[in-house]
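Trainee: I would like the atomic coordinates for the input below:
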Amino acid sequence: MNICDSKHPLHVTKADLSASNFTDVNLQAAQFTDVNLAKANFTDINFSGSKFSNVNLTDVEIEHCNITGMKIRGILVSELLAAYGKKG
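Mentor: The predicted model follows:
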């Protein structure tokens, strides 16, 4: 299915959209609940102001990202990385 130049909200339930591609798509304020994004690839994404809770981040890699203000369990990631750098 191809959706192009559409501005209507989608309500997708119990669907298999594996191997789908989203390019130049606005998903601002979208909600994802009970979604499998295993092995998904995110490039040039704006997650500012997003919140992740009860998420499995096993083997997730984060690189070349702006982490300004990013917190894990209320602790700034920049502070965690600075503390880690002082250990070794």
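Trainee: kindly confirm my reading that Leu81 is in a strand.
Mentor: No: assessed with DSSP: H, G, I helix; E, B strand; the rest coil, Leu81 is helix; it does not lie in a strand.
Trainee: for Met70, see how far away it is.
Mentor: Noted for Leu81: a distance of 10 Å to Met70, by CB to CB, to the nearest Å. (Each C-beta comes from the backbone N, C-alpha and C, glycine too.)
Trainee: which one's more surrounded, those two?
Mentor: Met70 (15 against 11; other CB atoms under 10 Å).
Trainee: all helices for this structure, in order.
Mentor: Counting by DSSP state H, the chain has helices at residues 77-87.
Trainee: where in it is pLDDT low?
Mentor: Applying pLDDT under 70 to the chain flags no residue at all.
Trainee: need the residue closest to the centroid of it.
Mentor: Among the residues of the chain, Phe47 comes closest to the average C-alpha position under CA atoms, centre = their mean, at 6.1 Å.
Trainee: tell me who's in contact with that one.
Mentor: If a contact means CB atoms under 8 Å, 6 or more residues apart in numbering, then Phe47 has no contacts.
Trainee: 10 Å - rerun?
Mentor: Going by CB atoms under 10 Å, 6 or more residues apart in numbering, Phe47 touches Cys65, Asn66, Met70.
Trainee: what number of residues lie near Leu76?
Mentor: Leu76: 14 neighbours (other CB under 10 Å).
Trainee: Ala30 and Thr58, how far apart?
Mentor: From Ala30 over to Thr58 the distance is 23 Å, taken as CB to CB.
Trainee: who touches stretch 2-22?
Mentor: Stretch 2-22 is contacted by residues 1, 25-27, 29-30, 34-36, 38-40, 42, 45 when judged by CB under 10 Å, 6+ apart.
Trainee: CSV for those, including neighbour count and distance to Ala19?
Mentor: Shown next, in CSV, are these (neighbours: other CB atoms under 10 Å; distance: CB to CB, whole Å):
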residue, neighbour count, distance to Ala19
Met1, 4, 13
Val25, 10, 16
Asn26, 9, 21
Leu27, 11, 18
Ala29, 8, 25
Ala30, 10, 19
Asp34, 7, 19
Val35, 10, 15
Asn36, 10, 12
Ala38, 9, 12
Lys39, 7, 10
Ala40, 9, 10
Phe42, 10, 15
Ile45, 11, 18
